[in-house]
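Chemist: Quick check, what structure comes out for this input:
(chains A and B)
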Amino acid sequence: MSAPQNITLIVDGEENQVTEGTTGADLYGTRREVVVVRVDGELKDLDQPIPAGAKVEAVTIDSADGLNVLRHSTAHVMAQAVQQLRKDSKLGIGPYITDGFYFDFDVDEPFTPEDLKQLEKMMLKIVNSNQRFVRRAVSETEALAEMAGEPYKEELIGLKGHSDEAGEGANIEVGAGELTIYDNVDAKSGEVVWKDLCRGPHLPNTKLISNAYALTRSAAAYWRGNEKNKQLQRIYGTAWPTKDDLKAYQERLAEAERRDHRRLGAELDLFSFPDELGSGLPVFHPKGGTVRKAMEDYSRQRHTEAGYEFVYTPHITKSNLYEVSGHLDWYRDGMFPPMHVDETRDPETGEVVKPGQDYYLKPMNCPMHNLIFRSRGRSYRELPLRLFEFGSVYRYEKSGVVHGLTRVRGMTQDDAHIYCTREQMKDELTTTLNFVLDLLKDYGLDDFFLELSTKDPEKSVGSDEVWDEATRTLAEVAEASGLELVPDPGGAAFYGPKISVQARDAIGRTWQMSTIQLDFNLPERFELEYQAADGSRQRPVMIHRALFGSVERFMGLLIEHYAGAFPAWLAPVQVVGIPVAETFNDYMLEIVAKLRAQGIRAEADLGSDRFPKKIRTASKDKVPFVLIAGGEDAEAGAVSFRFRDGSQDNGIPVDEAVSRIVQAVARRGN
RNA sequence: GCCUCCUUAGCUCAGUCGGUAGAGCGUUUCACUCGUAAUGAAAAGGUCGCCAGUUCGAUUCUGGCAGGGGGCUCCA
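Modeler: You can find the predicted model right below:
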């Protein structure tokens, strides 16, 4: 054997001469926060030799990649603990996810919350025993031999090379290249205490996990994400570089919980879901109704200004309409079952003498709008024809997916269908996208990106040429907006591609908002026509668009975005007047009357509570303006403001106070 | 739809190892109350989600159904 050669590496941008066989650990051994290295763009374990000429960069535990490695390694530690606790458990997959990780297990009995607590303790033991993660390449035969008794791992080995078919997270286990097994080696004894088929990379040792992890919940999940497969038990967890990071994360979750629209909806008396009505069917209380009305009124105003016309259509229809539209073919399962009516039977024989009809609750408004278009001959001069409706639709959502206001069975779409010529299509789409973004901004959202959903070959109608043209047009319009554009292959509805606008809320979560869909197919199915300038009959193009998506869902989003503290123009109660003592009740009522005369939603709190209690009540109700009047104010013909942040503005002349409030509402500021 | 957990006063939750229940907030009443997040007292309010079964007796145990939470799958 010859002596090791010197090789050149580019370490963090600088050329370095090192001995052959140098590892990441050799380069960064003194920096504990370096957990893996990036070698020519790929993440590698610290103990792997680095090939000559490679570009090497340190990956620290608090970087995005470093966190993923930390979480993946924590998942392994958890799996090791699970196999100690449940000897019968078989390993599924265990990838990192946003903010954490999960691992799936086939176990005889589901995990209990007590199990999770015990597992956390067992994990700490493993972490403290400072096991090393050691990578080992194996052949397929070896892998199968070592994973005997782990049926799911064996299945994954068999799938290697087709990892895109293997299902969610599976490529983290087997990857694309060689098969590898990671041994967990006890620091003292050198014994292999646990192993798993995994492509890595991993932390050098378990000590780096420290105590900044938590197991958060357990739930069932289908093996390889397929409903037809067996359900495994999944445990979710989270892991962070330090305990403080973990606490900050838990605080973020707590903040999201405080903002939960279902909780705030009850606290602020906005809406409820009476059991008597059934799952996913909300009722809006007066305060929620006020918010909703403010949302809708402003939307109507803007639609009028943008050249939309208003239509109204019924909630149920005979089945034929949805046969023509194709909905019964594609979405029957998502529709409420039909009502069979008007059937007549012979009273004696019981035989049907007149067949009945099936009526369906409407799941979408578009077919009805098409009938309005078709109700008389149309001229090119009428186009673009923009039909708008707050249309209530009913969808038979599966029982497990109904969720607060965001996923309901009865909802109202701010739905419009635009009929235009092919030549107008692109301009109309551009105008529509700008209109959508502009309007969303007025409701306080300003951080957007776009998603372009393209054809699902399994679920579509119409020719390829038509789809291509529609998709190209949408892509051009989306790109012209300058917003980030994310592809969503196969995400389109059966009748055409769509752009959806995604918005980030005040705490950084993304919500799918508006959709703009291009449709050449329904005009075909409904044989829609207009007469062109040359006298010929032409088929219009149809654009489906909804801004809020559903009014209910949008309200849920706004509640969470504002944490229940609506901007003044949306707030159910905009002003509460609190007299300092009973003597000033009449003075306060006069001020409130002046505000009401200006269309402000103002109330006076004349109850028997003492003054500070009334302040507290208004505060808890998140009222934007609290007006206070006592002796000093009354003598000066003035009133004092108390704002939601606790700040004050005292002794404002009444007329000025009124106009301040009126202006703040008109400005739609937040 | 599947897995799992849950359902006690309007709300948030105690409690009964099987003998029909309690707190805080809220509500009502009375008294008090002149300056920025809780004045005091009293009262009302529950077939312990619904339906069966076991039992002398079920809010408590068992089963079914409904509603809800967390996931999975789905989301025109």
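Chemist: can I get the CA coordinates of stretch A:236-244 in PDB?
Modeler: Only the C-alpha atoms of stretch A:236-244 are listed here, as PDB (Å, rounded to 0.1, in the frame of the first residue of the first chain):
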ATOM      1  CA  TYR A 236     -45.500  12.800  14.900                       C
ATOM      2  CA  GLY A 237     -42.700  14.700  16.600                       C
ATOM      3  CA  THR A 238     -40.700  17.800  16.400                       C
ATOM      4  CA  ALA A 239     -37.000  18.500  17.100                       C
ATOM      5  CA  TRP A 240     -34.900  21.700  17.400                       C
ATOM      6  CA  PRO A 241     -31.300  22.600  18.000                       C
ATOM      7  CA  THR A 242     -32.000  24.100  21.400                       C
ATOM      8  CA  LYS A 243     -34.700  23.900  24.100                       C
ATOM      9  CA  ASP A 244     -35.400  27.600  23.400                       C
END
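Chemist: can you tell me the average pLDDT over it?
Modeler: Average pLDDT, stretch A:236-244: 93.
Chemist: Quick one: residues contacting the residue of chain A found nearest RNA strand B.
Modeler: The minimum distance from chain A to RNA strand B, using C-beta to the nearest atom of the strand, falls at A:Gly400 (2.0 Å). In this view, the C-beta of every residue, glycine as well, is placed from N, C-alpha and C. Contacts for A:Gly400 (C-beta atoms under 8 Å, 6 or more residues apart in numbering) come out as none.
Chemist: what does A:Ser453 give?
Modeler: A:Asp488, A:Gly490, A:Gly491, A:Ala492, A:Ala493, A:Pro497, A:Lys498, A:Ile499, A:Ser500.
Chemist: Quick one: mark the members of those that sit in strands.
Modeler: Mapping those onto strands (DSSP state E) picks out A:Asp488, A:Lys498, A:Ile499, A:Ser500.
Chemist: Filter those residues down to the buried ones, ChimeraX style.
Modeler: Applying 16 or more other C-beta atoms under 10 Å to these, the buried members can be selected in ChimeraX as follows:
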select /A:498,499,500
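Chemist: any chance of the ones in strands among the contacts of A:Ser453 in JSON lines, plus distance to RNA strand B?
Modeler: Below are the ones in strands among the contacts of A:Ser453 laid out as JSON lines (distance: C-beta to the nearest atom of the strand, whole Å):
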{"residue": "A:Asp488", "distance to RNA strand B": "10"}
{"residue": "A:Lys498", "distance to RNA strand B": "7"}
{"residue": "A:Ile499", "distance to RNA strand B": "12"}
{"residue": "A:Ser500", "distance to RNA strand B": "9"}
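Chemist: what's the farthest-apart pair in the ones in strands among the contacts of A:Ser453?
Modeler: Farthest apart among the ones in strands among the contacts of A:Ser453 by C-beta to C-beta are A:Asp488 and A:Ile499. That separation is 9.7 Å.
Chemist: Go ahead and flag the most central residue of chain A.
Modeler: What sits nearest the mean C-alpha location of chain A, by C-alpha atoms, centre = their mean, is A:Trp511, with 4.3 Å.
Chemist: close enough to count as contact, it and A:Phe548?
Modeler: No - shown here, A:Trp511 and A:Phe548 do not form a contact pair, counting by C-beta atoms under 8 Å, at 10.7 Å.
Chemist: sorry, back to before: which residues are in contact with both of A:Asp488 and A:Ile499?
Modeler: Common neighbours of A:Asp488 and A:Ile499, using C-beta under 8 Å, 6+ apart, are A:Glu451, A:Leu452, A:Ser453.
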